[in-house]
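**Student:** Here's a sequence, model it:
(chains A, B, C and D)
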Protein chains: 2
Amino acid sequence: MIEKKSPYCGCLLYSANALSRVITKMAEEEFASIGVAPSHCFLLMTVHNQPGIQPTEIAEKMMLTPSTVTRLMAKMEAQRYLQRISDGKFTLVYPTKTNEVYPVILESWRNLYRRYTAVLGEEVARQLTDGIYSAAIKLEAR
Amino acid sequence: MIEKKSPYCGCLLYSANALSRVITKMAEEEFASIGVAPSHCFLLMTVHNQPGIQPTEIAEKMMLTPSTVTRLMAKMEAQRYLQRISDGKFTLVYPTKTNEVYPVILESWRNLYRRYTAVLGEEVARQLTDGIYSAAIKLEAR
DNA sequence: TTATTTAATTTGTACATACAATTGAAAAGT
DNA sequence: ACTTTTCAATTGTATGTACAAATTAAATAA
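**Tutor:** Next up is the predicted model:
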């Protein structure tokens, strides 16, 4: 069977972007029941696991810029999922009603994992994820 | 040496998005000299290699939605890099001044490749790219 | 102690991307 | 021949993300 391949499939930029879009779409479907987008769920998990965490640290953990974290937080605060408390030049972030949603987020997250491992195979998925992550870390350090 | 790992690094969604952002940033730096963003460069290459191609096929090759392709084309048409010609319900896309930029695009693209293979190692990069691409294809087919 | 520098956070703005709805044209059914 | 269905492309709108600039507060230097 001949696979029709993209002319760009040898390019890491192209492939990484393609995978990112596909997996993000799957995640959106999975997290849709909660009514919270995947990135916001990562934020909620982060804050839930470390109440009082500061935006800079959230940004590091999520590998996003602080400004992006500010936008994500603003949205979740508007929906009463968390609260920001000013402390001098710092901001402390606390979860509010995450006890309700947290289990649902975990469940959706597990479902997502099951879905892609069902397609890719658990071991393959694990190794791929690992390879992707370590590449991201290495390339980020430039 | 202890690696500080993200709590989410076992998640394909998280890792794929992180890599996508990092490699996209590198690409933007590399393509900055041309003044054309990476996605637009893929578009120009696609049209250059297949003059008269239609948006739907471009979308397939680039793994993007047709609406996104319309936006990308509009921008490049405004900058006189290509031209759209209506043909019934179809649209035919032709390159205009790509002869000038095409070699520069190829050069930037090669530079990008060199940069990330220098960090990751050529063989590792190749296998990673391959794994990512085939995962994207499999997951897209759902 | 006051002035300067550094650092955390937020805001203004812009961009790539997608979905849903729309337009317009070809194809198929009657 | 006319109607209905399908399909390509585009437009309106929304979202996640980032950069540069602005703000505010802490830390350091004078």
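**Student:** For the rest of this, base every contact and every neighbour count on C-alpha atoms.
**Tutor:** Noted.
**Student:** could you say what helices and strands the strand or helix carrying residue A:46 packs with?
**Tutor:** Residue A:46 is part of helix A:38-49 when elements are defined by DSSP states H and E. When contacts are defined as 3 or more CA pairs under 8 Å, 6 or more residues apart in numbering or on different chains; DSSP states H and E, helix A:38-49 sits against helix A:12-31, helix A:55-62, helix A:66-78, strand A:90-95, helix A:98-120.
**Student:** Could you export those as CSV, including distance to residue B:14 and mean neighbour count?
**Tutor:** Formatted as CSV, the helices and strands packed on helix A:38-49 follow (distance: least, CA to CA, whole Å; neighbours: other CA atoms under 10 Å in any protein chain shown):
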stretch, distance to residue B:14, mean neighbour count
helix A:12-31, 9, 22
helix A:55-62, 8, 18
helix A:66-78, 15, 16
strand A:90-95, 21, 19
helix A:98-120, 11, 16
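**Student:** so what pLDDT did the nearest residue to residue A:17 once chain neighbours are set aside get?
**Tutor:** In space, not counting the residues next to it along the chain, residue A:17 is nearest to residue B:20; the distance is 5.2 Å by CA to CA, 6 or more residues apart in numbering or on different chains. Per-residue pLDDT puts residue B:20 at 97.
**Student:** Tell me if I'm right that residue B:20 and residue A:16 touch.
**Tutor:** Yes. At 5.2 Å, residue B:20 and residue A:16 qualify as touching, with contact defined as CA atoms under 8 Å.
**Student:** Kindly report the residues of chain A close to DNA strand C.
**Tutor:** Residues of chain A that fall close to DNA strand C, judged by CA under 7 Å from any atom of the strand: A:17, A:21, A:25, A:54-57, A:66-71, A:84, A:89-92.
**Student:** any bit of the lowest-mean-pLDDT helix or strand in chain A sitting next to DNA strand D?
**Tutor:** Of all regular secondary-structure elements in chain A, judged by mean pLDDT, DSSP states H and E, the least confident is helix A:98-120 with a mean of 92. No. Using CA under 7 Å from any atom of the strand, helix A:98-120 stays clear of DNA strand D, coming no nearer than 14.8 Å.
**Student:** Now do that helix against helix A:38-49, angle only.
**Tutor:** Orientation of helix A:98-120 against helix A:38-49 (axes from the mean of the first three to the mean of the last three CA atoms, to 10 degrees) gives an angle of 130 degrees.
**Student:** mind exporting helix A:98-120 as CSV, just the C-alpha atoms?
**Tutor:** What follows is the C-alpha trace of helix A:98-120 in CSV, where atoms were taken according to Å, rounded to 0.1, in the frame of the first residue of the first chain:
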residue,chain,number,x,y,z
THR,A,98,-11.9,23.7,41.3
ASN,A,99,-13.0,20.9,43.7
GLU,A,100,-16.0,20.4,41.5
VAL,A,101,-14.3,20.4,38.1
TYR,A,102,-11.0,18.9,39.0
PRO,A,103,-12.1,15.3,38.9
VAL,A,104,-13.9,15.9,35.6
ILE,A,105,-10.8,17.5,34.2
LEU,A,106,-8.7,14.5,35.2
GLU,A,107,-11.3,12.1,33.7
SER,A,108,-11.3,14.0,30.4
TRP,A,109,-7.5,14.0,30.5
ARG,A,110,-7.4,10.3,31.0
ASN,A,111,-9.9,9.8,28.1
LEU,A,112,-7.7,11.8,25.8
TYR,A,113,-4.8,9.7,26.8
ARG,A,114,-6.8,6.5,26.1
ARG,A,115,-7.9,7.8,22.8
TYR,A,116,-4.5,8.5,21.4
THR,A,117,-2.9,5.5,22.8
ALA,A,118,-5.6,3.4,21.3
VAL,A,119,-4.6,4.7,17.9
LEU,A,120,-0.8,4.8,18.4
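**Student:** Noted, bye for now.
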